[in-house]
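>>> Give the three-dimensional model of this entry:
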Amino acid sequence: QVQLQESGPGLVKPSQTLSLTCTVSGGSITTSYYYWSWIRQPPGKGLEWMGAIAYDGSTYYSPSLKSHTSISRDTSKNQFSLQLSSVTPEDTAVYYCARRFGVHNALDAWGQGTLVTVSS
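Sure, this is the predicted structure:
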């Protein structure tokens, strides 16, 4: 059974870059046709899909976040990462990594989430 675990700093200062890593166990991030996503949930708000990296390394981003979001992977460590630049307090959220099979199916595996607070 696949497991995902987010890791990274819990506090980031405004204008800095937020960096998170998702470590995957029980399955390879290069297995066809899985897509590995980042989703966030600000306090009191709904879930927001940020972007994904596919089994073949292709990346996809939310249009509203594309200008300051980057998703990459390290296949040797079976990890994928999120970088969100120029953060503001509005980027404070619980950040989740998750998996889906194919582009149209529901997310079927989630990490537990990690709270990142943007504050000086």
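
>>> Now do the SS call for the most centrally placed residue in the chain.
Nearest to the mean C-alpha position of the chain, counting by Cα atoms, centre = their mean, stands W38 at 2.5 Å. Under DSSP: H, G, I helix; E, B strand; the rest coil, W38 falls in the strand class.

>>> quick one: contacts for it?
Residues in contact with W38 (Cβ atoms under 8 Å, 6 or more residues apart in numbering) are L20, C22, W49, M50, G51, A52, I71, L82, Y95, Y96, C97, A98. Glycine gets a C-beta too; all of them are placed from N, C-alpha and C.

>>> Give me the contact list for the lowest-mean-pLDDT helix or strand in the chain.
Each helix and strand of the chain was given a mean pLDDT (mean pLDDT, DSSP states H and E); the minimum falls on strand 107-110 at a mean of 94. Outside strand 107-110, the residues within contact range by Cβ under 8 Å, 6+ apart are V2, Q3, L4, S37, I39, Y96, C97, A98, R99, R100, F101.

>>> Now the buried members of those.
Buried subset of the contacts of strand 107-110 (neighbour count, 16 or more other Cβ atoms under 10 Å): L4, S37, I39, Y96, C97, A98, R99, R100, F101.

>>> Include distance to S15, secondary structure and pLDDT when you put the residues you listed into JSON lines, please.
As requested, these are arranged in JSON lines below (distance: Cβ to Cβ, whole Å; DSSP: H, G, I helix; E, B strand; the rest coil; pLDDT from 0 to 100):
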{"residue": "L4", "distance to S15": "29", "secondary structure": "strand", "pLDDT": "98"}
{"residue": "S37", "distance to S15": "26", "secondary structure": "strand", "pLDDT": "97"}
{"residue": "I39", "distance to S15": "24", "secondary structure": "strand", "pLDDT": "98"}
{"residue": "Y96", "distance to S15": "24", "secondary structure": "strand", "pLDDT": "98"}
{"residue": "C97", "distance to S15": "24", "secondary structure": "strand", "pLDDT": "98"}
{"residue": "A98", "distance to S15": "28", "secondary structure": "strand", "pLDDT": "97"}
{"residue": "R99", "distance to S15": "31", "secondary structure": "strand", "pLDDT": "97"}
{"residue": "R100", "distance to S15": "32", "secondary structure": "strand", "pLDDT": "95"}
{"residue": "F101", "distance to S15": "37", "secondary structure": "strand", "pLDDT": "94"}
